[in-house]
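Undergrad: just a sequence and a predicted model for now, questions to come.
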Amino acid sequence: MRLQVTDPLFEVRLRGTRQKVHLLTEHKSEPDPELLAQFLRNAIHLADRGRRSTRDATILVVAVLLYHGLRRWTNRPGRHKTLARLPRKLARLLASMQPTMRFLVADISRCSEAHLRRFGTPLGKLVLLCLRFLRHLDPDAVIAALERWSDLLRAADRGQGPPIGRQAIATIGWYCLKVTKVPARVLHATFERILQRHERTIMSTAEKLRREGLKEGAARGEARGRRQRGIELVLRQLTRRFGPLPAAVAARVRRASAGKLDRWADRLLDAKNLAAVFAD
């Protein structure tokens, strides 16, 4: 884990051979229709890199999903919208020819704390526990969970890495701030009590997240303002060009995305009637 959200790529060597295998990893907290596309893109990038470095595009890849959602993972890929519009036999034939790949699923959505404590290093156990439980707990329950995991926190804090102990703790603190509603000062005091040392990263991380939130909020507000101005402009132009608008047309404009508003504004220059403006 790093201070930015990333899914790592591992390269391992098969025991007793010189052959390397790449482990593509993704972690998800909810079903994602783009998951297969993500795995395929990464595999293609690896093949391109292999061809440039060794002139051999043949690579061995194992794709692994770590799933920690509220419900069990169901490996039921939905039908592609394009295929759904085609006749069934043709859709089935084309579906069989589309690029795909199998991947392994580690579903921890129903694992108990005791079960997750059986696997890996102290930091690895701590990561699994945080992913599995923290997002669903109220602030008091989060603090209680961290107290129960205090042995893992202290062991991770002393770890030689990678990542080095304090970097690992900084990331755990970042995750707690990101997905829970525990006040930063309470979390800071809890970590200091458990680790029995001064903890300097949590408050600075909280301030950084606060600034990022302000920037995101300002960006969203600006986007909403641009869209509202676009709605008013299109309604005014339509009214001047075609007279009073039917209520259904005005409602459609107010619901439209920014992209549709731009498209309709362009069509207004040449359209002879309302139907021409809104034609698909």
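TA: Looks like it came in fine. Numbering: from 1, shown residues only.
Undergrad: buried sites along stretch 29-47?
TA: By neighbour count with 16 or more other Cβ atoms under 10 Å, stretch 29-47 contains the buried residues 35-36, 38-39, 42-43, 46-47. The C-beta positions use only the backbone N, C-alpha and C, and glycine is treated the same way.
Undergrad: what's in contact with that stretch?
TA: Here stretch 29-47 makes contact (Cβ atoms under 8 Å, 6 or more residues apart in numbering) with 9, 22, 24, 26, 28, 57, 59, 61, 63, 65, 67-70, 73-74, 77-78, 99-101, 103, 131, 135.
Undergrad: just the residues you listed: which are in helices?
TA: Residues of the contacts of stretch 29-47 located in helices (DSSP state H): Leu131.
Undergrad: Phe39 and Leu65, how far apart?
TA: In this view, Phe39 and Leu65 are 8 Å apart by Cβ to Cβ, to the nearest Å.
Undergrad: what's the overlap in contacts for those two?
TA: By Cβ under 8 Å, 6+ apart, the residues touching both Phe39 and Leu65 are 26, 103.
Undergrad: now the buried members of the contacts of stretch 29-47.
TA: 22, 24, 26, 28, 59, 61, 63, 65, 67-69, 73, 103, 131, 135.
Undergrad: now Arg193: which helix or strand?
TA: In the assignment (DSSP states H and E), Arg193 maps to helix 184-195.
Undergrad: how far does that helix sit from the chain's center?
TA: Relative to the centre of its chain, helix 184-195 is centred 27 Å away, using Cα atoms, centre = their mean, to the nearest Å.
Undergrad: before we move on, what about stretch 264-280?
TA: The answer for stretch 264-280 is 38 Å, by Cα atoms, centre = their mean.
Undergrad: just the ones of the buried ones among the contacts of stretch 29-47 in strands?
TA: Of these, the ones assigned to strands by DSSP state E are 22, 24, 26, 28, 61, 63, 65, 67.
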